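1. What would the 3D arrangement of this be:
(2 chains)
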Amino acid sequence: MAARRTELEALYRRRFHVFLRVATAIARDEQRAYDAVQDGFAAAIRDERRFREEGPLEAWVWRIVVNAALKTLRDEPPTDVTPSVNGAAPSVDPELRARIADLPERQRTVLFLRHFADLDYRSIGEALGISPGTVGATLSAAHASLRRTLEEVPE
Amino acid sequence: MSDVDLPVRSALDALVPQPRRSPDWGDVLRRTEPRLWRRPLVLALAGALIVLGTAAGVTAALGGFDSWLSGKPGKPAPAAEQQRFEAANGRAWAAFPRDTKLRELIRTTVEGKTYVLFGFRSGHTLCLKLRAISLGHSTDPACTPESTVAHSTSPIVVVNSDFGFQDRRARESAEFSFGIAADGVSQVEVRAVDGLHKAVIGGNAYLWVENEPNTGNRVLALTAHTANGSRMTISLGTTFGDLFPLGRSGRRPRGPGRVEAPIAHPTIGWAARGEKRGFSRDRLDLNSYARTHFVTPTARFVKPDPLGDTVVGLDGTHRLFVVQGRGAAGGSLSNRALNVITSGGGGVQSATVAGAAADGIVRLTIFDADGQRFAVPLRDNLFATRVAETQFPLRLVGYDARGRVAAIETLRFDLGPQVSLHGLRTIRHVTGPNGVTATVKIGGAAQSIRCWRIGFSTGEAPTGCFELLPTGPWVDVDLVQPAGRDLFVIGHTRPPIATVELHFQDGRVVQLTPTGRLFVAAIPRAYLKTARQLAFAVGYTGAHRVKQRQGFVFRVRP
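-> This next block holds a predicted model:
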């Protein structure tokens, strides 16, 4: 158990910002994302016996953190898109932001895990409980949807 | 990431900027279930810190820390910064007092980027907080107990030895180290992996910031020079890799070792009687997990040190809670005279020690590894204090009204498994384009850990360890080590990686075969430039399929 705890701490220290960024993308609120990451790792410590070593520990933790972040979104949906800083214009086109927000939950999650966490298809699949092929198809669908939006946005 | 369209990547990066929060493992531990808590310990407590004579005389001779201990270092922080601090801090009881005043200690510019070091004192806790204005980042307060400063035998007290900010690509954008400096300190030298640097001195503090450091750059030691010509070096025992199992203190606990008058039937009377002392959970700004699943609504809380940021609570005679900020930790009360919870400082060099003392214990004292002792704030049987990691192991001693030792417990700071560097064997030599040679030594597997040491002909000898467990990145660059006029890349892999290639921006590839999962390579002469460069370590399976690539940044110091 001590070794697993050390392993989790090492993973946490090494990948904290990546976990937090993905959770922020999902939860759309950094504070709630922070809670999801912290609570997710705490849950991993509490439930470490449930890790059956059928895949990488990191993928198992990703599953916990992603579920925690999704839960915050379901429990308390954000009331608005992220406000701009100091009144400046948002740096992301509102339509694209809305399109990302409107993507099906699985597409968004796969997109965030691929882009922010740089996980390969297998790891994403292990984290979400789907096959690598499904990951690829889901990612492709997300791209197609967003690409359409980008093409519609005037320069 | 080639399968994510560039416009989509740009949009995602803008949509979710690099978060600014810092990791806090102590907070994770505080969110865990009670059964995983540290073993119950003994403690006793009293009111104010007792400053003993010994080392205080040393720092007094060096100029002392009077401005921190009894005065006001630096100057008042700008109003906007004070408001920002209050907004972040003042929402809950488990925070520093609302009227805590921020002081600006150092404002400096490094390669065009502005950094400001702020500090404040609250009760017996001294805290520093770095704000990187140009980068839009700031650290959470990093704190050290007053006793550490009062008893310091060094003219500087390291508060945050080594930390950094990253850009949106998780590449190092700044590395820093800061701490408290005595009046007589004239210079602080920072010895990092990439050489010697000078810190900025001001406001009875020091600050070192390096813009865009090499991957894995770390602080190795700090040397303080005083106006009277003396100097003292603090070595940080820095290692590299996944974890830092080396250098655990072999020191023994000090203080009383025998209980003179044990508490026969430990109890906390007011909790047993159901008295509503202190305040309720509603006064705390807990995170959702702590509120929903952890901290019980009937618990009552006390802030043992009104000027501290720690709240301790009891739910009847069964549950004990410790709250800092929005996070909570807790556990079941044992029938011991002292129940203690220790939690790490989360990236900084202090830990929180808190808990409950049974009736009959009227005073608590901590004896640290240096033989110093200090009292611990105790109120309504509950206590809390901060202790520097360097003070461990601690002995916590509870006294009864007649001054007899009623309970003792020893606290150690758990750093995980400990491994030895004995028995390393040389596995290869690597020579750089300018003639520097690296002798690579590696050890066997112990406790699922393997350690290495690389001796350079120029004198550097970094040491590191990595885990052999099947998790984590397949390819990990631990550090870029300058040696003479050469640069070396040191990293490790895990199965199924069979070979590693270093891909440079002009397309050049350097092929490597890890030995014992470790790889070491000299950076070719063409890239030994003062401009910062990005390259990738690419891991291949035995079938030469790309498994993972990891970016690393490097440059030669001017």
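
2. Pull the contacting residues for the closest residue to chain A within the stretch 351-500 of chain B.
-> For the stretch 351-500 of chain B, the residue closest to chain A is B:T471, as judged by CB to the nearest CB, at 3.7 Å. Yep, even glycine has a C-beta here, placed from its N, CA and C like the rest. Taking CB atoms under 8 Å, 6 or more residues apart in numbering or on different chains as the criterion, B:T471 is in contact with A:7, A:11, A:56-58.

3. same thing but 6 Å
-> A:56-58 (CB atoms under 6 Å, 6 or more residues apart in numbering or on different chains).

4. Tabulate the CA atom coordinates of stretch B:263-275 in CSV.
-> C-alpha atoms of stretch B:263-275 as CSV (Å, rounded to 0.1, in the frame of the first residue of the first chain):
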residue,chain,number,x,y,z
ILE,B,263,-3.7,9.8,31.8
ALA,B,264,-5.7,6.9,33.2
HIS,B,265,-8.8,7.2,31.1
PRO,B,266,-8.3,9.7,28.3
THR,B,267,-11.4,11.7,27.5
ILE,B,268,-12.4,15.1,26.4
GLY,B,269,-15.1,16.2,28.8
TRP,B,270,-16.9,18.9,26.9
ALA,B,271,-17.2,16.7,23.8
ALA,B,272,-18.5,13.8,25.8
ARG,B,273,-21.1,16.0,27.5
GLY,B,274,-22.2,17.3,24.1
GLU,B,275,-21.3,20.9,24.8
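
5. tell me which residues in the helix or strand hosting A:H143 are buried?
-> Here A:H143 sits within helix A:132-152, counting by DSSP states H and E. Judged by neighbour count using 16 or more other CB atoms under 10 Å in any protein chain shown, the buried positions of helix A:132-152 are A:134-136, A:138-139, A:141-143, A:145-146, A:149-150.

6. And stretch B:163-173, end to end?
-> Using CA to CA, to the nearest Å, one end of stretch B:163-173 lies 11 Å from the other.

7. Only the buried residues of it, if you could.
-> Within stretch B:163-173, the residues scored as buried using 16+ other CB under 10 Å are B:163-166, B:168, B:170, B:172-173.

8. Equivalent analysis for stretch B:421-432, please.
-> Using 16+ other CB under 10 Å as the burial criterion, the residues of stretch B:421-432 that qualify are B:424, B:430, B:432.

9. so how many other residues sit close to B:H293?
-> For B:H293, the number of neighbouring residues by other CB atoms under 10 Å in any protein chain shown comes to 13.

10. Look at it and give its secondary structure.
-> Put simply, B:H293 is helix when judged by DSSP: H, G, I helix; E, B strand; the rest coil.

11. With the one 4 residues further on instead?
-> Reducing the assignment at B:P297 to three states with three-state DSSP gives coil.

12. nearest spatial neighbour of it, skipping sequence neighbours?
-> B:R281 (5.5 Å; CB to CB, 6 or more residues apart in numbering or on different chains).

13. Over to B:V302?
-> Spatially, and ignoring its direct neighbours in sequence, B:V302 is nearest to B:G278 (4.0 Å; CB to CB, 6+ apart).

14. and the one you found, how many residues sit next to it?
-> Look at B:G278: counted by other CB under 10 Å, it has 20 neighbours.

15. Would you agree it is in contact with B:P304?
-> No. Under the contact definition of CB atoms under 6 Å, B:G278 does not touch B:P304, with a separation of 10.1 Å.

16. A:R50 and chain B: what is the separation?
-> 13 Å (CB to the nearest CB, to the nearest Å).

17. Give me the phi and psi angles of that residue.
-> The main-chain torsion angles of A:R50 are listed as degrees, to the nearest 10 and equal phi -80, psi -10.

18. That one: neighbour count?
-> Per other CB under 10 Å, the neighbour tally for A:R50 reads 10.

19. Tell me the confidence at it?
-> According to the prediction, A:R50 has pLDDT 73.

20. likewise B:I50?
-> Among the per-residue scores, B:I50 shows a pLDDT of 22.

21. follow-up on the earlier one: and the contacts of B:T471, which is closest to chain B?
-> Ranking the contacts of B:T471 by separation from chain B, with CB to the nearest CB as the measure, puts A:L57 on top at 3.7 Å.

22. For the closest one, which non-adjacent residue is closest in space?
-> Nearest non-adjacent residue to A:L57 (CB to CB, 6+ apart): B:T471, at 3.7 Å.

23. hang on, the earlier thing: residue contacts, the residue nearest to B:P297?
-> By CB under 6 Å, 6+ apart, the contact list for B:R281 reads B:295, B:297, B:299.

24. Just the buried positions in the longest helix seen in chain A, please.
-> What stands out as the longest helix in chain A, according to DSSP state H, is helix A:2-27. Of the residues in helix A:2-27, those buried by neighbour count under the rule 16+ other CB under 10 Å are A:4-12, A:14-27.

25. what about B:H318, neighbour count?
-> When neighbours are counted by other CB under 10 Å, B:H318 registers 13.

26. Just the local confidence number for it, please.
-> Predicted confidence (pLDDT) at B:H318: the value is 86.

27. which residue packs closest to B:R121, ignoring adjacent ones?
-> If you skip the residues right next to it in sequence, B:R121 has B:W68 as its closest partner in space, 6.6 Å away by CB to CB, 6+ apart.

28. The most centrally placed residue in chain A: what's it in contact with?
-> With distances taken as CA atoms, centre = their mean, A:V22 lies nearest the centre of chain A, 3.6 Å away. Counting by CB under 6 Å, 6+ apart, A:V22 touches A:112, A:116-117.

29. Filter those residues down to just the ones in helices.
-> Per DSSP H, helices hold the following members of the contacts of A:V22: A:F112.

30. Mark which of the contacts of A:V22 are buried, thanks.
-> Taking 16+ other CB under 10 Å as the criterion, what is buried in the contacts of A:V22 is A:112, A:116-117.

31. Save those residues as CSV, and put in distance to B:I497 too.
-> Output for the buried ones among the contacts of A:V22, formatted as CSV (distance: CB to CB, whole Å):
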residue, distance to B:I497
A:F112, 26
A:F116, 23
A:A117, 19
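
32. In stretch B:251-270, which residues are buried?
-> B:253-255, B:259, B:263, B:266-268, B:270.

33. so how far does it reach from one end to the other?
-> Across stretch B:251-270, the straight-line distance between its terminal residues is 39 Å, by CA to CA.

34. I'd like the mean pLDDT over that stretch, please.
-> Predicted confidence along stretch B:251-270 averages 90 (mean pLDDT).

35. what's the spacing between it and its chain's center?
-> The offset between the C-alpha centroid of stretch B:251-270 and the centroid of the whole chain comes to 30 Å, using CA atoms, centre = their mean, to the nearest Å.

36. quick one: contacts for A:V61?
-> By CB under 6 Å, 6+ apart, the contact list for A:V61 reads A:A44.

37. and whichever residue of the stretch 201-350 of chain B sits closest to chain A, how many neighbours?
-> Nearest to chain A in the stretch 201-350 of chain B, going by CB to the nearest CB, is B:Y289, at a distance of 4.2 Å. B:Y289: 21 surrounding residues under other CB under 10 Å.

38. if you skip the residues just before and after it, what's nearest to it?
-> Excluding its sequence neighbours, the residue lying closest to B:Y289 (CB to CB, 6+ apart) is A:D39, at 4.2 Å.

39. Surely the one you found forms part of a strand?
-> No. Going by three-state DSSP, the assignment for A:D39 is helix, not a strand.

40. which residues does it contact?
-> Listed by CB under 6 Å, 6+ apart, the contact set of A:D39 reads A:68, B:31, B:289.

41. I appreciate the help and will end here.
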